[in-house]
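A.B. asks: Pasting the sequence and the predicted coordinates here, then a few questions.
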Amino acid sequence: MERLTMRKILLAALFCFPAFGASNSQIIRAQSPLTLSSGTMAIPQATSSANGFLSSADWSTFNGKQSTLTIGSLTSGTSGVSISGGSNAVIGSGTSVSVQTASGSQPGLLASTDWTTFNNKAPTASPNFSTKVTFGNYHMEPSWPSATTCATPASATIDWSTGSTQQLTLTGSGACTLSFSNTVVGGAYILTVLDSGATITWPGSIDWGSAGTPTLSSSGKYDDFNFLVRPSGTVIHGSYLQGFSN
C-alpha cells in the first residue's frame, strides 16, 4: 500500500473539491497536539507539560531505566533478633535473617537456657575478693566479720551462712552453750573466740579427735577453732590453736 503523505492528502483534496472553492485550511482541520499553519501540519515534541512526539533522545533515556521492581520485606526467623523498618526494604520477594545458636564449635546467639547455665556457674579464675564470694550457704569473705557476743551464762548460735570466718566474744565467767546453723558438707570454717574466763559447751556434732575437747586458754586471749564438715553432714571435725594476744 502506498504511504500517504500530507502533501498527497492536500493535493487530493484540491482535485476532489475544486467546485467548492474552499481553501486547504477549510478542508482539513488539526486537533491538538497536531497544528496546521499555511498548509503545513506539524506535531511538537513531547515534554513534561506538553503532549507530542517522543524524541529519540528521550526514547534512549526511558529505555535505559530500571524495569519495574518487586519489593519485599526483611524479616527474622530467629527468636531474639529484632528487625526495625524491614517492611518493603528488600528488592525481590523478601528475605529472612537468622542467627545460629552458639555452641562449643559454632559462634552465634546465646540461648536463654545456656545463659541460665553459665549464670549459675561458680567463678573459676581470679574472682573479685573485694566482695563476698557465695556458694549456696557457704561464704568466703575478704574482711573480718562482726562478732557474736555471748554474755555468759547464756547460749549463742553461729550462723555459718553469713560467713566462713566468725568471731565469738565471751563476757562473764559462766558457760556459753554454743550451736551451729547452716553448715555445708565439705565446708571449712574458722571460729576465733575472745575469752573472758568463761567456758563453752560445744555442739555434740563436733569430733575433736585425739586432742579432746579444748579448754579455753585464759581471759583476754584469742583461741582459733577450725571446723571441717564431713560427708554425712552430721559430723564436724574440730582442731584448734590457742593463746593469741590479738
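C.D. replies: Looks like it arrived, so ask away.
A.B. asks: Domain ranges for the protein, per the record?
C.D. replies: 1-13+20-43, 133-244 (automatic domain parsing).
A.B. asks: okay, how far is it across the longest one, tip to tip?
C.D. replies: What that stands for is domain 133-244. This stretch, domain 133-244, spans 28 Å end to end (Cα to Cα, to the nearest Å).
A.B. asks: Quick check: Y222 touching I190?
C.D. replies: No - checked against Cβ atoms under 8 Å, the pair Y222 and I190 is beyond contact range at 11.5 Å. (Glycine included, C-beta is placed from N, CA and C.)
A.B. asks: quick one: which of these two has more around it?
C.D. replies: More neighbours surround Y222 than the other of Y222 and I190, with 17 against 14 (other Cβ atoms under 10 Å).
A.B. asks: Secondary structure element for D114, which one?
C.D. replies: helix 112-119 (DSSP states H and E).
A.B. asks: Return the list of helices and strands in contact with the next helix or strand after that helix.
C.D. replies: Moving toward the C-terminus from helix 112-119, the next helix or strand (DSSP H and E) is strand 133-135. For strand 133-135, there is no helix or strand it packs on, judged by 3 or more Cβ pairs under 8 Å, 6 or more residues apart in numbering; DSSP states H and E.
A.B. asks: Now do the buried residues in the helix or strand following strand 133-135.
C.D. replies: The helix or strand immediately downstream of strand 133-135 is strand 138-140, counting by DSSP H and E. Using 16 or more other Cβ atoms under 10 Å as the test for burial, strand 138-140 gives 138-139.
A.B. asks: before we move on, what about stretch 85-101?
C.D. replies: 86, 90, 94.
A.B. asks: same check, this time on stretch 219-227
C.D. replies: Of all the residues in stretch 219-227, those buried under the rule 16+ other Cβ under 10 Å are 221-225, 227.
A.B. asks: Take those and keep only those in strands.
C.D. replies: 222-225, 227 (DSSP state E).
A.B. asks: Quick one: name whatever helix or strand follows the helix or strand of the chain with the lowest mean pLDDT.
C.D. replies: Least confident helix or strand, the chain: helix 24-27 with a mean of 56, by mean pLDDT, DSSP states H and E. Per DSSP H and E, the first helix or strand lying C-terminal to helix 24-27 is strand 35-37.
A.B. asks: Which other helices and strands does that following strand contact?
C.D. replies: Short answer (3+ Cβ pairs under 8 Å, 6+ apart): strand 35-37 packs on strand 40-42.
A.B. asks: Fine by me, we can end here.
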